[in-house]
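Novice: Prediction below, plus the sequence it came from.
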Amino acid sequence: MFLFLSGGSINTITGQAVPGSDENIPFLVTFGKMGQTSWGDDDFYSVWFFSIPKEYTQQFYIRVFDPDTGGENDEIQGEFNTRCLFSIYGGRGVDPDKNEESKGWLDGLNFKGGNLLASRVFGGEPAYDNKYYTFGPFSPTAGDYSSKWNSYLFKVVCEGVSGDDGNLYRYFLSRERDNNLPVEGGNAFTYEYTFRMWNDFKSVAHIYPYVDTGVVFIRQRNFDWDNDGHILVVSRYKQGIDVPVSNEDDWQESRIGIETQEINSSLDFQFHKRQGELVKNNNVVVTLESQRGDALPFFSSPIGGVPVYQPKLKITPIKKPK
């Protein structure tokens with residue numbers, strides 16, 4: 001993944017699947033509002049943002065893979081009875097840097113800021129099981145312009161409006177209605193990442209928070225990890241540090257210092273499953289905030305690329321023999 005960071009823009013040469021290809025995450029997950037938090041969703045909604053570069057002037061689409069609840073990918077509780085509302089927002093009020101409530105990571109706030117552009121409720125609809133539903137077309141200028149990222153921002157909200165089952169789904173930002181053709185320079189991010197792990201001992205999931213200027217330390221919080229192995233933080237400066245992990249239906253948190261070398265780059269939160277007895281269908285929630293209490297975004301294509309640890313090597317010159 002090549003990135004070009006100029007003028008504050010988010011420029012990748014490929015568009016965006018959510019979860020991203022580098023994350024190794026099968027699905028996002030949202031439960032119906034009657035669900036139990038012990039199943040791995042703390043608030044029964046999710047908020048994602050898509051960025052469209054200012055230079056991109058064509059229409060685009062937001063595609064949802066497997067939006068219904070009731071198929072082979074979804075998590076049943078008794079009988080399938082869940083309905084989820086997917087909503088697309090643009091216009092003023094979407095930009096999370098201007099509207100803190102829009103981030104959707106703090107319960108009780110109005111995360112629906114912006115102009116509602118499209119919405120649809122999905123229940124048990126076999127026509128969309130393992131298939132895409134496409135919202136759009138949208139014009140980039142219908143978004144909320146962000147000078148920080150030199151991009152127009154759109155927001156996608158998934159709410160579990162009824163029932164207690166888990167809806168597992170994915171997004172894709174596309175130039176076409178019926179195909180996944182990336183929008184060059186597009187990206188996606190969230191402030192509270194709720195996702196499903198693979199049912200595989202050897203599989204490692206990754207999420208990539210971006211550390212902005214002025215961050216001295218971050219507070220990580222993870223929910224309902226089910227004590228399923230360990231969570232490791234890697235960066236260009238950190239070879240790997242373990243963080244406290246949550247058990248069922250509880251939060252664990254810790255403070256992580258940020259070094260100068262890690263500013264304006266991404267961290268790599270790695271989720272390594274416990275070996276032995278397989279923990280199946282593990283859903284996890286993760287949030288991060290700075291020392292100021294600001295939430296950090298997780299980008300599905302990590303800004304600056306996937307961070308690789310770069311050890312500082314002490315080089316001792318070899319003296320020429322006399």
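Specialist: In hand now; what should we look at? These numbers come from a predicted model, not from an experiment. Residues are numbered from 1 along each chain as shown.

Novice: now could you export just the CA positions of the longest strand along the chain as PDB?
Specialist: As assigned by DSSP state E, the longest strand anywhere in the chain is strand 151-162. Provided in PDB are the C-alpha atoms of strand 151-162 (Å, rounded to 0.1, in the frame of the first residue of the first chain):
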ATOM      1  CA  SER A 151     -11.800  15.300   1.500                       C
ATOM      2  CA  TYR A 152     -15.600  15.100   1.600                       C
ATOM      3  CA  LEU A 153     -16.800  13.000   4.500                       C
ATOM      4  CA  PHE A 154     -19.800  10.700   4.600                       C
ATOM      5  CA  LYS A 155     -21.200   8.700   7.500                       C
ATOM      6  CA  VAL A 156     -22.700   5.200   7.600                       C
ATOM      7  CA  VAL A 157     -24.700   4.200  10.700                       C
ATOM      8  CA  CYS A 158     -25.900   0.600  11.300                       C
ATOM      9  CA  GLU A 159     -28.400   0.300  14.200                       C
ATOM     10  CA  GLY A 160     -30.000  -2.900  15.600                       C
ATOM     11  CA  VAL A 161     -33.500  -1.500  15.800                       C
ATOM     12  CA  SER A 162     -35.200  -4.700  17.000                       C
END
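
Novice: For that strand, name the packing helices and strands.
Specialist: strand 27-31, strand 45-53, strand 83-90, strand 144-146, strand 166-174 (3 or more C-beta pairs under 8 Å, 6 or more residues apart in numbering; DSSP states H and E). All C-beta spots, glycine's among them, are computed from the backbone N, C-alpha and C.

Novice: on contacts alone, who are the packing partners of the first one?
Specialist: When you say that, I think you mean strand 27-31. Going by 3+ C-beta pairs under 8 Å, 6+ apart, strand 27-31 lies up against strand 45-53, strand 151-162, strand 166-174, strand 192-196.

Novice: will you turn these into CSV that also has distance to residue 109?
Specialist: Listed next are the helices and strands packed on strand 27-31 as CSV, based on distance: least, C-beta to C-beta, whole Å:
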stretch, distance to residue 109
strand 45-53, 11
strand 151-162, 13
strand 166-174, 23
strand 192-196, 12
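
Novice: okay if I get those strands as JSON lines plus mean pLDDT, distance to residue 297 and mean neighbour count?
Specialist: Converted to JSON lines, the helices and strands packed on strand 27-31 look like this (pLDDT from 0 to 100; distance: least, C-beta to C-beta, whole Å; neighbours: other C-beta atoms under 10 Å):
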{"stretch": "strand 45-53", "mean pLDDT": "98", "distance to residue 297": "8", "mean neighbour count": "25"}
{"stretch": "strand 151-162", "mean pLDDT": "98", "distance to residue 297": "11", "mean neighbour count": "23"}
{"stretch": "strand 166-174", "mean pLDDT": "98", "distance to residue 297": "16", "mean neighbour count": "24"}
{"stretch": "strand 192-196", "mean pLDDT": "98", "distance to residue 297": "10", "mean neighbour count": "24"}
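
Novice: Out of those, which is closest to residue 68?
Specialist: strand 166-174 (7.7 Å; C-beta to C-beta).

Novice: Can you give the distance from that closest one to the centre of its chain?
Specialist: 11 Å (C-alpha atoms, centre = their mean, to the nearest Å).

Novice: low-scoring stretches of the stretch 1-150 of the chain, by residue?
Specialist: 1-15 (pLDDT under 70).

Novice: show me where it has strands.
Specialist: Secondary structure of the stretch 1-150 of the chain (DSSP state E, counting those that start in this stretch): strands located at 3-4, 11-12, 17-18, 27-31, 45-53, 60-65, 83-90, 115-122, 132-138, 144-146.

Novice: Also the stretch 151-300 of the chain?
Specialist: 151-162, 166-174, 187-190, 192-196, 204-207, 210-211, 217-223, 230-234, 241-243, 251-257, 265-266, 268-272, 283-290, 298-299.

Novice: among the helices and strands packed on strand 151-162, which is nearest residue 72?
Specialist: strand 166-174 (9.6 Å).

Novice: Compute the inter-axis angle for the closest one and strand 45-53.
Specialist: 10 degrees (axes from the mean of the first three to the mean of the last three C-alpha atoms, to 10 degrees).

Novice: Out of the helices and strands packed on strand 27-31, the one nearest residue 99 is which?
Specialist: Closest among the helices and strands packed on strand 27-31, using C-beta to C-beta: strand 151-162, at 10.0 Å.

Novice: That's all I had, so thanks and see you.
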